[in-house]
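Engineer: sequence first, predicted coordinates after that:
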Amino acid sequence: MKRSKRLAVIAAIAIIAGTTVLAQEALDLNQAGAMMRRNQEEIRQYTWDMKLTFLINDEQRRVDTYTVRYVMGGQLEKMQMSSEVAKGKIRGPDGKKLKKDEQEAARQFVIDVKNQLDGYLNPLFAEKAVKTASARTEDEKVILNSKDVVTTGDSVQIILDQSTKRPLTAEIRTAIEGAPVALDVTFGSIEYGPNHVSRSITTSAWKGMKLTIITENSNYKLGGM
């Protein structure tokens, strides 16, 4: 390769690397964190429909639908609209059929896990996850990674759209009572409004069984039920 061509290649690499560095430097984590907090605060002004699908060992067992909203104190108020419970046997790791009260205990356990993990979307913790993150850019996205956001040893990854700085996805990994749990979030957006969780998957384990809740949110409206 001629010297002039080598210099051109080196210059091009330097420009690309410099652009990546500038993109990272251009992201003000404090500002992005404040934006995330405002987004999570704004969504609390809305009412929406929530569908919860409960699975044991990847087998669908129950589907509940609700109309939900936030009330004073940041608590989520749910009005149940429908519930469908699958028939058929569910067996535990020992091969024994799960009784109805055991299935209900499993459902309540994963709901409690979901409620704890949803705490990461609280405006204050969402802001902290962004402000304390390390950042890198990739394919017009900003990838934020943070640790010890709510509890020691947890990890949070948030992916933002590079141009708008709005959240696209989030992954939370932590442990509850010594067992690993996970929350995977996909964000949607409201026209002229904030981003919201359009879909999330909560994964945990209970007595040797995999428990999952798939949450789907839709039909966002300003105001009460």
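Structural biologist: Perfect, thanks for sending it. Numbers count the residues shown, from 1 in each chain.

Engineer: low-confidence ranges in this structure?
Structural biologist: The model of the chain has pLDDT under 70 over residues 1-26, 224-225.

Engineer: over to the most centrally placed residue in the chain. Which of the three states is it?
Structural biologist: Nearest to the geometric centre of the chain sits residue 185, at 2.8 Å (CA atoms, centre = their mean). Secondary structure state of residue 185, per DSSP: H, G, I helix; E, B strand; the rest coil, is strand.

Engineer: give me the beta-bridge partners of it?
Structural biologist: residue 170, residue 200 (DSSP bridges).

Engineer: separation between it and residue 192?
Structural biologist: According to CB to CB, to the nearest Å, residue 185 stands 22 Å off from residue 192. For the C-beta atoms, the positions are set from N, CA and C on the backbone; glycine is no exception.

Engineer: swap in residue 211?
Structural biologist: 37 Å.

Engineer: relative to residue 191, how far out is the residue nearest to the centre of the chain?
Structural biologist: As judged by CB to CB, residue 185 and residue 191 stand 20 Å apart.

Engineer: likewise for residue 70?
Structural biologist: The gap separating residue 70 from residue 191 is 20 Å, by CB to CB.

Engineer: the two: who's more crowded?
Structural biologist: residue 70 (15 against 5; other CB atoms under 10 Å).

Engineer: pretty sure that one is in a strand, no?
Structural biologist: Yes - Residue 70: assigned to a strand according to three-state DSSP.

Engineer: and for it, nearest residue in space, chain neighbours not counted?
Structural biologist: Using CB to CB, 6 or more residues apart in numbering and skipping the chain neighbours, the partner closest in space to residue 70 is residue 44 (4.0 Å).

Engineer: so that neighbour lies in a helix, does it not?
Structural biologist: Yes - with three-state DSSP as the criterion, residue 44 is part of a helix.

Engineer: what number of residues lie near it?
Structural biologist: Count around residue 44 with other CB under 10 Å applied: 13.

Engineer: likewise for residue 139?
Structural biologist: Counted with other CB under 10 Å, residues neighbouring residue 139 total 7.

Engineer: got a list of what residue 189 touches?
Structural biologist: Listed by CB atoms under 8 Å, 6 or more residues apart in numbering, the contact partners of residue 189 are 166, 195-196.

Engineer: residue 76: which element?
Structural biologist: strand 75-85 (DSSP states H and E).

Engineer: just checking, next helix/strand downstream of that strand?
Structural biologist: Moving toward the C-terminus from strand 75-85, the next helix or strand (DSSP H and E) is helix 100-118.

Engineer: and the strand or helix carrying residue 37, what's buried?
Structural biologist: According to DSSP H and E, residue 37 maps onto helix 29-42. For helix 29-42, burial by neighbour count (16 or more other CB atoms under 10 Å) applies to 29, 32-33, 35-37, 39-42.

Engineer: ditto for stretch 146-161
Structural biologist: Buried, per 16+ other CB under 10 Å, within stretch 146-161: 146, 149-150, 154, 156-160.

Engineer: in strands, which of those residues appear?
Structural biologist: Assignment to strands by DSSP state E places the following of the buried residues of stretch 146-161 there: 146, 156-160.

Engineer: which of those sits closest to residue 128?
Structural biologist: Nearest to residue 128, judged by CB to CB, of these is residue 146 at 7.7 Å.

Engineer: ok, the closest one - contacts?
Structural biologist: Here residue 146 is in contact with 128-130, 132-134, 155-158 (CB under 8 Å, 6+ apart).

Engineer: show me the contacts for the residue lying closest to it once chain neighbours are set aside.
Structural biologist: Excluding the flanking residues, the one nearest residue 146 by CB to CB, 6+ apart is residue 133, at 4.0 Å. Residue 133 makes contact with 29, 144-146, 156, 158 under the criterion CB under 8 Å, 6+ apart.
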